[in-house]
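S.K.: structure for this input, please:
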Amino acid sequence: MAIVKTYSLNRRQLLKLGVLGSGLGLGDYFRALSAAEQPSNERSAVLVFLKGGPSHQDTFDLKPDAPAEFRGEFRPIRTNVAGMEICEHLPKLAGCADRFSILRGITHNLADHEIGSSYLLTGNRPNPTLQYPMYGSVVSHQLPGREDLPSFVSIDRPLGGPGFLGPEYGPLSTGEKPQYGLPFRVRGISLDEGVTIERYRSRAELARDLDTFYQGLEQIDEQVRSLDKFSKQAFEVISSPRCRDAMDLRMESEKETARFGKHEFGQSMLMTSRLIEAGVRFVTVILEDWDTHQDNFNTLAGRLLPRLDQALFAFFERMNQRGLLDTTTIMVTGEFGRTPRINGNAGRDHWARAMCALVGGAGIQMGQVVGKTNDKAEEPTGQAYTPDDLAATFYSAIGIDPKMEFAANIGRPITLVRDGNKIDALLSKAT
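M.R.: Numbering: from 1, shown residues only. Model (predicted):
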């Protein structure tokens, strides 16, 4: 088995590069980026994370025959795939169910938002001595993109870190979500007020001249001597029409904007489409507020489900229309499910023993349901699946071996997904 070398930077180097902390600026991102050349690949992927823990039995695993205190208020409806039913508040997705598959019967025991999210975003149980990378960081490491585009973008904020791969493979976070009718600024890409591309170029040239003047005055290590190169890459992204255009939703027609929805999630999915079309390898999108301990049904029916339905349907349709479902793998999941029994506040609490995920696009055998839970959606029946299995399947669909090993600074190789096995029933025969 091939072992992949990681290019993590030590603490001294990180301090010199100024990249320690909770996030990276664009210049820091490129300054830390490894110079290693990697083969090109046209594959890409999208993770839609339903932060807070979506109720599986009120979305993609309804139990209409369960007692009232379990089944809830929603009815299932048929989809365009025979035998597949989903929630009545997802009618658009019901009409394009042949574009995705549903995995039911996912189970684990980490019913805490932080550690549950870490588990679902990496495919490995959290380990206090080893930080595993989130999906986008692995894709960025294995499938580097164009020089004038970041490989990994997280719309709004990062959900996790690059772990043992090193900060150069962390996401470029936009810092906010796009809002309809308002100019969109991306921290680290958009120029400050009054700073034109021409003025930025002048500043870059001045910095280069100063670097040349001081060259040789002190012995510095190779990564610091490479600042000119990374500054040039940062400038290329800032000044790149491809990057700026990908994030400019004003270029879309009013009809297309309305198709995705004028809410933040709709605009985020529209931007995700544009980023993938431009050549970004991995995009993470967050839809929040699924932690419905109270008023579960009104929250879902009144706001969350209609927005998820509209924007995700539009995304699948646009990807299909533009031929990108053949090269883009999509996963929709949260950190856990919710309690089968409805609580006294018309809500559902944390429940990790059963949850579900939606997967589609490249590498996925679409239009099916894999796995099942019992009659009250309490736990899997038959074959159970773990977040590790889901991760191994997601990576396999993208074209990355989940059992690949990385050489890191801990004295032993690290397996990308240590305990999981790919779910063959979900993968296309060509995968």
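
S.K.: V280 and S240 touch, don't they?
M.R.: No. V280 lies out of contact with S240 (Cβ atoms under 8 Å); the separation is 11.9 Å. Every residue, glycine included, has its C-beta placed from N, CA and C.

S.K.: how far away is F265 from D289?
M.R.: 10 Å (Cβ to Cβ, to the nearest Å).

S.K.: just want to know which of those two has more residues nearby.
M.R.: Neighbour tally, F265 and D289, criterion other Cβ atoms under 10 Å: the higher count belongs to F265, 24 against 12.

S.K.: what's the helix or strand for the more buried one?
M.R.: Per DSSP states H and E, F265 falls inside helix 264-278.

S.K.: who does that helix touch, helix- and strand-wise?
M.R.: Here helix 264-278 is seen to pack against strand 44-50, helix 241-246, helix 254-260, strand 282-287, helix 305-321 when contacts are counted using 3 or more Cβ pairs under 8 Å, 6 or more residues apart in numbering; DSSP states H and E.

S.K.: and the next element down the chain from the last one?
M.R.: Remark: after helix 305-321, the chain's next helix or strand is strand 328-333, criterion DSSP H and E.

S.K.: ok, and for that next one, which residues are buried?
M.R.: Neighbour-count burial for strand 328-333, with 16 or more other Cβ atoms under 10 Å as criterion, is recorded at 328-333.

S.K.: picking up where we left off before, what do V280 and S240 both touch?
M.R.: Counting by Cβ atoms under 8 Å, 6 or more residues apart in numbering, the residues touching both V280 and S240 are L149.

S.K.: more crowded one of these two?
M.R.: Neighbours of V280 and S240, each counted by other Cβ under 10 Å, are more numerous for V280; the result is 25 against 17.

S.K.: dump the helices and strands packed on helix 264-278 to a markdown table, plus distance to L182 and mean pLDDT.
M.R.: Formatted as a markdown table, those follow (distance: least, Cβ to Cβ, whole Å; pLDDT from 0 to 100):
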| stretch | distance to L182 | mean pLDDT |
| --- | --- | --- |
| strand 44-50 | 22 | 98 |
| helix 241-246 | 16 | 80 |
| helix 254-260 | 13 | 97 |
| strand 282-287 | 18 | 97 |
| helix 305-321 | 18 | 98 |
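
S.K.: would JSON lines of the ones you listed with distance to P162 be doable?
M.R.: Shown next, in JSON lines, are the helices and strands packed on helix 264-278 (distance: least, Cβ to Cβ, whole Å):
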{"stretch": "strand 44-50", "distance to P162": "15"}
{"stretch": "helix 241-246", "distance to P162": "21"}
{"stretch": "helix 254-260", "distance to P162": "29"}
{"stretch": "strand 282-287", "distance to P162": "12"}
{"stretch": "helix 305-321", "distance to P162": "25"}
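
S.K.: dump these to a markdown table, plus distance to R412 and mean neighbour count.
M.R.: Formatted as a markdown table, the entries for the helices and strands packed on helix 264-278 read as follows, by distance: least, Cβ to Cβ, whole Å; neighbours: other Cβ atoms under 10 Å:
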| stretch | distance to R412 | mean neighbour count |
| --- | --- | --- |
| strand 44-50 | 28 | 25 |
| helix 241-246 | 39 | 16 |
| helix 254-260 | 46 | 15 |
| strand 282-287 | 27 | 24 |
| helix 305-321 | 40 | 21 |
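
S.K.: so which of those comes closest to Y180?
M.R.: Using Cβ to Cβ as the criterion, the shortest distance between Y180 and those is 6.8 Å, found for helix 254-260.

S.K.: and that closest one, what does it pack onto?
M.R.: Helix 254-260 packs on helix 264-278, helix 305-321, going by 3+ Cβ pairs under 8 Å, 6+ apart.

S.K.: tell me the angle the last one makes with helix 264-278.
M.R.: Same thing as helix 305-321. Angle, helix 305-321 to helix 264-278, by axes from the mean of the first three to the mean of the last three Cα atoms, to 10 degrees: 20 degrees.

S.K.: return the helix or strand in this structure with minimum mean pLDDT.
M.R.: Of the helices and strands making up the chain, the lowest-confidence element is helix 11-17, at a mean of 38, by mean pLDDT, DSSP states H and E.

S.K.: before we move on, the earlier item: save the helices and strands packed on helix 254-260 as JSON lines, and put in distance to P387 too.
M.R.: Formatted as JSON lines, the entries for those read as follows, by distance: least, Cβ to Cβ, whole Å:
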{"stretch": "helix 264-278", "distance to P387": "23"}
{"stretch": "helix 305-321", "distance to P387": "21"}
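
S.K.: helix/strand/coil for the nearest residue to A377 once chain neighbours are set aside?
M.R.: Excluding the flanking residues, the one nearest A377 by Cβ to Cβ, 6 or more residues apart in numbering is Q57, at 4.0 Å. When the structure is reduced to helix, strand and coil (DSSP: H, G, I helix; E, B strand; the rest coil), Q57 reads as helix.

S.K.: can I get the buried residues of strand 328-333 in JSON lines with pLDDT?
M.R.: As requested, those are arranged in JSON lines below (pLDDT from 0 to 100):
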{"residue": "T328", "pLDDT": "98"}
{"residue": "T329", "pLDDT": "98"}
{"residue": "I330", "pLDDT": "98"}
{"residue": "M331", "pLDDT": "98"}
{"residue": "V332", "pLDDT": "98"}
{"residue": "T333", "pLDDT": "98"}
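
S.K.: just the closest of these to L305, please.
M.R.: L305 has its nearest neighbour among the buried residues of strand 328-333 in V332, at 12.6 Å by Cβ to Cβ.

S.K.: surely that closest one touches G361?
M.R.: No. Taking Cβ under 8 Å as the contact criterion, V332 and G361 are not neighbours in contact, 11.0 Å apart.

S.K.: contacts only, for the residue nearest to A377.
M.R.: Taking Cβ under 8 Å, 6+ apart as the test, what Q57 contacts is 63, 70-72, 337-338, 340, 377.

S.K.: the stretch 301-431 of the chain: strands as residue ranges?
M.R.: In the stretch 301-431 of the chain, the segments counted as strands under DSSP state E, counting those that start in this stretch are 328-333, 337-338, 350-351, 355-361, 369-370, 405-407, 413-415.

S.K.: can you spell out which helices and strands pack onto the fourth one?
M.R.: Read that as strand 355-361. strand 100-106, strand 328-333, helix 387-398.

S.K.: ditto for the third one
M.R.: For strand 350-351, the elements it packs on are strand 337-338, judged by 3+ Cβ pairs under 8 Å, 6+ apart.

S.K.: each with direction, which strands does the strand it packs on pair with?
M.R.: Based on DSSP bridges, the strands next to strand 337-338 in the sheet, each with its direction, are strand 350-351 (antiparallel).

S.K.: now do the buried residues in stretch 391-401.
M.R.: For stretch 391-401, the buried set under the neighbour-count rule, 16+ other Cβ under 10 Å, comprises 391-401.
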